[in-house]
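Participant: Provided below for reference: sequence and predicted model.
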Amino acid sequence: MSRVEARGLGVVLGGRAVLAGVDLRADAGEWLAVIGANGAGKSTLLRALAGLLPHSGEVLVDGTPVRGLRPRERARLLAYAPQTPALPGDMTVFDYALLGRTPYIPHLGRESRADREVTGSVLERLDLTALAGRTLGHLSGGERQRVVLARALTQRASVLLLDEPTTALDLGHQQQVLELLDRLRLADGLTVVTTLHDLSVAGQYADRMTLVADGGAAATGTPEQVLTEELIGEHFDARVRVVAGTGGRPQVHLERP
Ligand SMILES: Nc1ncnc2c1ncn2[C@@H]1O[C@H](COP(=O)(O)OP(=O)(O)OP(=O)(O)O)[C@@H](O)[C@H]1O
């Protein structure tokens, strides 16, 4: 169980401050959805949290700055799945997912039977067992996306940072992946931070949401507090109607102007 926090996070890309002074927190076992318009800086925020981008400010896990940790130690705490990773086309699904075990394999050592078992069970949970021997170059977009998620899950980190984990998935697989994440969160206490474009889906699964706009966290709170017609209208430049859905969670519908 781990809490992840950003304090005063700033990122400069191409000479421009994409993020400045961002504060953000996901408590242990919580699901935080990062939302915002195209180009707002959601992916940048996740990559900075994962330690993949130079940044100012601090990222802390359970109060400890991750800056001082070695990459292997950091990888055991934080697993990151990018939106559109470059994948080695000739590597098999199993071997790619097994890469998530790297932080546990001794230097110059080989993976253990336990590492292969973890990998096998993650593939099974993501409906990928039948594809284990296939090479990545021969997969559909949705299959590739589930393989990237599999690699993040085999890492067995306590914090999952997932950039748009469901964009390429059909409805059934979207639900399967989101439900699996929710079960892992509840059963194993994983902390989930994910960007999600579908605001209604984000509102159904997230405990809390952070709306990124103008380089900062423009709003943070429960889905009911963040998914309002006013905030969405202002920050997405969209006209929407928000209604209470299952369990009172907000459903966002586009309205024709
Ligand atoms: N390497 C880079 N150099 C310069 N600018 C960059 C670089 N990478 C991203 N940007 C810019 O930073 C801003 C934030 O990009 P980011 O990918 O984080 O947005 P996002 O909120 O994830 O967008 P989307 O919803 O479209 O995926 C954008 O304006 C983008 O053009």
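Facilitator: Okay, I see it.
Participant: quick one: pLDDT of the residue of the stretch 1-150 of the chain found nearest the ligand?
Facilitator: Using C-beta to the nearest ligand atom, Gly14 is the residue of the stretch 1-150 of the chain that sits closest to the ligand, at 2.9 Å. The way it works is simple: take the backbone N, C-alpha and C, and place the C-beta from them, glycine included. Predicted confidence (pLDDT) for Gly14: 94.
Participant: Backbone dihedrals for it, please?
Facilitator: phi 60, psi 40 (degrees, to the nearest 10).
Participant: Which helix in this structure has the most residues?
Facilitator: In the chain, with assignment by DSSP state H, the single longest helix is helix 171-188.
Participant: Would you mind listing the buried residues in that helix?
Facilitator: His173, Gln174, Gln176, Val177, Leu178, Leu180, Leu181, Arg185 (16 or more other C-beta atoms under 10 Å).
Participant: residue contacts, the residue of the stretch 1-150 of the chain closest to the ligand?
Facilitator: Counting by C-beta atoms under 8 Å, 6 or more residues apart in numbering, Gly14 touches no other residue.
Participant: Could you name the helices and strands sitting against the longest helix of the chain?
Facilitator: Applying 3 or more C-beta pairs under 8 Å, 6 or more residues apart in numbering; DSSP states H and E, we find helix 171-188 packed against strand 31-35, helix 141-154, strand 159-163, strand 191-195, helix 199-205.
Participant: Show residues contacting the fourth one.
Facilitator: Strand 191-195 is touched from outside by 1-4, 26-35, 42-43, 45-46, 49, 83, 158-165, 181, 184-185, 202, with contacts defined as C-beta under 8 Å, 6+ apart.
Participant: and that strand, how far from the chain's centre?
Facilitator: 4 Å (C-alpha atoms, centre = their mean, to the nearest Å).
Participant: Quick check: the residue of the stretch 1-150 of the chain closest to the ligand vs Thr44, distance?
Facilitator: Distance, Gly14 to Thr44, using C-beta to C-beta, to the nearest Å: 11 Å.
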